[in-house]
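Undergrad: predicted model, plus sequence, below.
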Amino acid sequence: MINLEKEIREQPEVLSRVIDINLEKIREIVAKAKDRGVKHIYFAARGTSDHACIYAQYLFGIFAGVACALGTPSVFTKYGAHVDLSGDLVVGVSQSGRAEDVLAVLESAKADGAITVAVTNNEDSPMAKTAEYHLFCAAGPETSIAATKTFTSQMMILGTMAAVWADNEKLISEFRGVPEKAQELLDTKFDEIMGLAKVYSNIPGAVILGRGISYCIALEGTLKMLETNKLKMKGYPTSDFHHGPIAQLKPGDLVFIVSPRSRVSTDTDEMVAKLLDVGARVAVVTDDLDEAPSGTAAIVLPSTGSEFSFTYLAAMFFQLLACCMTIIRDIDPDQAGVINKITITK
């Protein structure tokens, strides 16, 4: 078994422990932030970690009414500017904890007196040692170039922080049910996903769409597919795809839409109608067969209770599809050529 598949299959175990490992410290962080009157959160991250922050941005907005910004680390490192983050909660997210530009944001924020948090999979990393608080992914070594278990672990940590901020025990309980559903996905859907990999093995590329909480999966699914299979991929918000990008499609082009039953379901129906009208092939990744209109390929994953927890299974679907496609296409996903496991941006 290649490292990529092995690490994908470790996610139920990782997700089953990550909440309890971090919950007490998360409660401490949230209590301190509320005591200080913090009203904004500033996230600093790159790549996969940035996608986890987008997930958190939606949850904090929806459940806690907290405005979140996705940071611009180059403002600090390349332009030498100072951004006053003194009244914010500043969260740096990095699998390795060695991202130098994210570290620079944490250092600047700490000097301003901000509450700083590092989310990493390395307790001895520079970020973990610099931030006032460290939240630990506890995912074990991740050697495959494509991040899988560290991504969903980051999501779970940040999602739990949003739930604690909102005092939403129901959402935390829903998150606790994700590992069981993740195992169900692995046990019941692998052969189906391998079949899809065979069908899609010769595609030159594809588009992935998602709206609301699913937007982060449009981005992350794209990254997993392109970095493992060297495909030309692009992720978009479903809403933005109406405004110009749909013009790129030709008959036969493949489009995935991540569309669990949710408040944005009607957007899927409208977009599917447009996509079918231009002759695109459409695959709907969902938890409800009714979300896949006639003329589309329905990829129905186990239901987790809501769109907010289904996101983990959607992430795993694209991880598995990317992995299976490397098997079919005889690609070693652990040897990506120009990509390194740890990329240090400054």
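TA: Arrived safely, thanks for sending. Every value quoted in this text rests on a predicted model; they were computed, and no experiment measured them. Numbering: from 1, shown residues only.
Undergrad: now do the domain split for the protein, please.
TA: 3-176, 178-328 (automatic domain parsing).
Undergrad: export these to a markdown table and append columns for mean neighbour count, distance to Asp334 and mean pLDDT.
TA: For glycine as for every other residue, the C-beta is placed from the backbone atoms N, C-alpha and C. A markdown table is the format used below for the domains of the chain (neighbours: other C-beta atoms under 10 Å; distance: least, C-beta to C-beta, whole Å; pLDDT from 0 to 100):
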| stretch | mean neighbour count | distance to Asp334 | mean pLDDT |
| --- | --- | --- | --- |
| domain 3-176 | 20 | 5 | 97 |
| domain 178-328 | 20 | 9 | 95 |
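Undergrad: please settle this for me: is Val90 part of a strand?
TA: Yes: under DSSP: H, G, I helix; E, B strand; the rest coil, Val90 falls within a strand.
Undergrad: from Gly71, how far out is it?
TA: 8 Å (C-beta to C-beta, to the nearest Å).
Undergrad: cool, Thr222 as well?
TA: 21 Å.
Undergrad: with Tyr200 instead?
TA: In terms of C-beta to C-beta, Tyr200 sits 35 Å off from Gly71.
Undergrad: and what of Asp334?
TA: For Asp334 relative to Gly71 (C-beta to C-beta), the value is 30 Å.
Undergrad: ditto for Leu103
TA: Per C-beta to C-beta, Leu103 is found 12 Å from Gly71.
Undergrad: which SSE is immediately downstream of the helix ranked longest in the chain?
TA: Ranked by residue count, the top helix of the chain under DSSP state H comes out as helix 11-35. Of the helices and strands lying after helix 11-35 in sequence (DSSP states H and E), the nearest is strand 40-44.
Undergrad: for Ala197, helix, strand, or coil?
TA: Applying three-state DSSP: Ala197 is helix.
Undergrad: do a quick rundown of the strands in this structure.
TA: Shown for the chain, the strands assigned by DSSP state E span residues 40-44, 67-70, 89-93, 115-120, 133-136, 205-210, 232-237, 254-258, 281-286, 297-300.
Undergrad: want to throw those into a markdown table with distance to Phe190?
TA: Shown next, in a markdown table, are these (distance: least, C-beta to C-beta, whole Å):
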| stretch | distance to Phe190 |
| --- | --- |
| strand 40-44 | 33 |
| strand 67-70 | 34 |
| strand 89-93 | 29 |
| strand 115-120 | 29 |
| strand 133-136 | 29 |
| strand 205-210 | 20 |
| strand 232-237 | 22 |
| strand 254-258 | 18 |
| strand 281-286 | 15 |
| strand 297-300 | 13 |
